[in-house]
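Student: here you go, sequence then predicted model.
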Amino acid sequence: RKAEAIWAVMIRGREMGLGALTALDCFHVIEGKPALHAHLIIARAKEHPDCEYFQLMSSDENSATWETKNKRNPKPTSLTYTFAEAQAAGIVSNGGNWVKRRKEMIRKTCGVQLARIEYPGSALGLYAIEELTDDD
(Lines give C-alpha, C1' and ligand atoms only; values in the text may rest on other atoms or scores of the structure.)
Protein backbone atom coordinates (compact mmCIF):
# COMPACT_ATOMS: atom_id res chain seq x y z
CA ARG A 1 0.00 0.00 0.00
CA LYS A 2 3.01 2.27 0.29
CA ALA A 3 4.83 3.52 -2.79
CA GLU A 4 8.10 1.97 -1.59
CA ALA A 5 6.48 -1.46 -1.25
CA ILE A 6 4.90 -1.18 -4.70
CA TRP A 7 8.24 -0.33 -6.29
CA ALA A 8 10.01 -3.10 -4.38
CA VAL A 9 7.45 -5.63 -5.62
CA MET A 10 7.70 -4.45 -9.23
CA ILE A 11 11.51 -4.54 -9.16
CA ARG A 12 11.62 -7.97 -7.50
CA GLY A 13 9.06 -9.24 -10.00
CA ARG A 14 11.10 -7.94 -12.91
CA GLU A 15 14.16 -9.77 -11.54
CA MET A 16 12.07 -12.95 -11.62
CA GLY A 17 10.89 -12.34 -15.19
CA LEU A 18 7.40 -11.11 -14.23
CA GLY A 19 5.65 -8.08 -15.63
CA ALA A 20 4.73 -5.24 -13.27
CA LEU A 21 1.02 -6.09 -13.03
CA THR A 22 1.67 -9.81 -12.56
CA ALA A 23 4.16 -9.00 -9.81
CA LEU A 24 1.62 -6.74 -8.11
CA ASP A 25 -0.96 -9.55 -8.28
CA CYS A 26 1.39 -12.30 -7.08
CA PHE A 27 3.40 -10.56 -4.35
CA HIS A 28 2.41 -9.31 -0.94
CA VAL A 29 4.65 -7.55 1.55
CA ILE A 30 4.22 -9.15 4.98
CA GLU A 31 6.06 -7.59 7.89
CA GLY A 32 8.41 -5.92 5.43
CA LYS A 33 9.18 -9.16 3.55
CA PRO A 34 8.04 -9.83 -0.02
CA ALA A 35 6.09 -13.09 -0.32
CA LEU A 36 4.70 -14.90 -3.37
CA HIS A 37 1.48 -16.77 -3.94
CA ALA A 38 2.07 -20.50 -3.53
CA HIS A 39 0.60 -21.21 -6.95
CA LEU A 40 3.30 -19.11 -8.62
CA ILE A 41 6.13 -20.89 -6.81
CA ILE A 42 4.72 -24.31 -7.67
CA ALA A 43 4.11 -23.29 -11.29
CA ARG A 44 7.70 -22.03 -11.61
CA ALA A 45 8.99 -25.33 -10.20
CA LYS A 46 6.93 -27.29 -12.74
CA GLU A 47 8.34 -25.12 -15.55
CA HIS A 48 11.95 -25.62 -14.44
CA PRO A 49 13.97 -27.35 -17.19
CA ASP A 50 15.21 -29.98 -14.71
CA CYS A 51 11.69 -30.89 -13.56
CA GLU A 52 10.50 -34.20 -14.98
CA TYR A 53 7.30 -34.05 -12.90
CA PHE A 54 5.97 -32.26 -9.82
CA GLN A 55 2.86 -33.96 -8.47
CA LEU A 56 0.52 -33.92 -5.51
CA MET A 57 0.42 -37.50 -4.24
CA SER A 58 -2.06 -37.21 -1.38
CA SER A 59 -3.89 -34.55 0.60
CA ASP A 60 -6.34 -34.51 3.48
CA GLU A 61 -7.24 -32.39 6.51
CA ASN A 62 -4.05 -33.30 8.37
CA SER A 63 -1.28 -33.69 5.79
CA ALA A 64 -0.22 -33.41 2.17
CA THR A 65 2.49 -35.21 0.23
CA TRP A 66 4.08 -33.98 -2.98
CA GLU A 67 6.66 -35.75 -5.12
CA THR A 68 9.00 -34.46 -7.81
CA LYS A 69 11.66 -35.88 -10.05
CA ASN A 70 14.57 -33.57 -10.75
CA LYS A 71 16.44 -34.83 -13.83
CA ARG A 72 19.73 -34.19 -12.03
CA ASN A 73 18.86 -36.60 -9.21
CA PRO A 74 18.80 -40.39 -9.47
CA LYS A 75 15.56 -40.75 -7.49
CA PRO A 76 12.37 -38.74 -6.91
CA THR A 77 12.08 -36.54 -3.83
CA SER A 78 8.90 -36.51 -1.78
CA LEU A 79 7.83 -34.27 1.07
CA THR A 80 4.98 -34.47 3.55
CA TYR A 81 3.74 -31.45 5.50
CA THR A 82 1.28 -31.68 8.38
CA PHE A 83 -1.19 -29.42 10.13
CA ALA A 84 0.78 -30.03 13.33
CA GLU A 85 3.85 -28.51 11.64
CA ALA A 86 1.83 -25.43 10.68
CA GLN A 87 0.64 -25.10 14.27
CA ALA A 88 4.21 -25.46 15.57
CA ALA A 89 5.33 -22.74 13.12
CA GLY A 90 2.73 -20.39 14.64
CA ILE A 91 0.85 -19.67 11.42
CA VAL A 92 -2.51 -21.10 12.50
CA SER A 93 -4.92 -18.71 14.19
CA ASN A 94 -8.60 -18.85 14.98
CA GLY A 95 -10.82 -18.02 12.04
CA GLY A 96 -8.07 -17.58 9.42
CA ASN A 97 -7.42 -19.52 6.23
CA TRP A 98 -5.63 -22.29 8.11
CA VAL A 99 -8.97 -23.00 9.81
CA LYS A 100 -11.37 -22.11 6.98
CA ARG A 101 -9.38 -23.77 4.16
CA ARG A 102 -7.12 -26.09 6.10
CA LYS A 103 -6.68 -28.77 3.41
CA GLU A 104 -5.75 -26.19 0.75
CA MET A 105 -3.24 -24.41 3.00
CA ILE A 106 -1.51 -27.68 3.92
CA ARG A 107 -1.37 -28.66 0.24
CA LYS A 108 0.07 -25.30 -0.87
CA THR A 109 2.66 -25.09 1.90
CA CYS A 110 3.93 -28.60 1.22
CA GLY A 111 4.25 -27.94 -2.51
CA VAL A 112 6.12 -24.68 -1.92
CA GLN A 113 8.58 -26.28 0.46
CA LEU A 114 9.34 -29.08 -1.99
CA ALA A 115 9.77 -26.53 -4.78
CA ARG A 116 12.31 -24.63 -2.66
CA ILE A 117 14.23 -27.85 -1.92
CA GLU A 118 14.51 -29.16 -5.49
CA TYR A 119 14.17 -26.01 -7.62
CA PRO A 120 15.49 -23.12 -5.51
CA GLY A 121 15.22 -20.73 -8.45
CA SER A 122 11.44 -21.13 -8.44
CA ALA A 123 11.15 -18.98 -5.32
CA LEU A 124 14.59 -17.36 -5.16
CA GLY A 125 14.56 -17.66 -1.38
CA LEU A 126 11.14 -16.07 -0.98
CA TYR A 127 8.41 -17.56 1.17
CA ALA A 128 4.83 -18.09 0.14
CA ILE A 129 2.13 -15.96 1.69
CA GLU A 130 0.62 -19.12 3.20
CA GLU A 131 3.84 -19.75 5.16
CA LEU A 132 3.93 -16.30 6.75
CA THR A 133 0.39 -15.37 7.66
CA ASP A 134 -3.05 -16.74 8.35
CA ASP A 135 -4.83 -13.65 7.05
CA ASP A 136 -7.77 -13.95 4.69
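Tutor: Looks like it came in fine.
Student: remind me what the longest helix belonging to the chain packs against, helices and strands.
Tutor: As assigned by DSSP state H, the longest helix anywhere in the chain is helix 102-118. Helix 102-118 is packed against helix 38-47, strand 51-59, strand 63-70, strand 77-82, helix 83-89, helix 97-100, strand 127-128, helix 129-132, with contacts defined by 3 or more Cβ pairs under 8 Å, 6 or more residues apart in numbering; DSSP states H and E. Bear in mind the C-beta positions are built from the backbone N, C-alpha and C, glycine included.
Student: what about the last one, average pLDDT?
Tutor: Which is helix 129-132. Throughout helix 129-132, pLDDT has a mean value of 82.
Student: also the third one?
Tutor: Over the span of strand 63-70, the pLDDT mean works out to 98.
Student: quick check: angle from that strand to helix 38-47?
Tutor: Relative orientation of strand 63-70 and helix 38-47, computed by axes from the mean of the first three to the mean of the last three Cα atoms, to 10 degrees: 30 degrees.
Student: what strands flank strand 63-70, and is each parallel or antiparallel?
Tutor: Each strand paired with strand 63-70, and its direction, by DSSP bridges: strand 51-59 (antiparallel), strand 77-82 (antiparallel).
Student: returning to that earlier point: could you export the helices and strands packed on helix 102-118 as JSON lines, including mean neighbour count and distance to Gly13?
Tutor: Shown next, in JSON lines, are the helices and strands packed on helix 102-118 (neighbours: other Cβ atoms under 10 Å; distance: least, Cβ to Cβ, whole Å):
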{"stretch": "helix 38-47", "mean neighbour count": "20", "distance to Gly13": "10"}
{"stretch": "strand 51-59", "mean neighbour count": "15", "distance to Gly13": "22"}
{"stretch": "strand 63-70", "mean neighbour count": "20", "distance to Gly13": "24"}
{"stretch": "strand 77-82", "mean neighbour count": "16", "distance to Gly13": "26"}
{"stretch": "helix 83-89", "mean neighbour count": "14", "distance to Gly13": "26"}
{"stretch": "helix 97-100", "mean neighbour count": "16", "distance to Gly13": "23"}
{"stretch": "strand 127-128", "mean neighbour count": "22", "distance to Gly13": "15"}
{"stretch": "helix 129-132", "mean neighbour count": "21", "distance to Gly13": "15"}
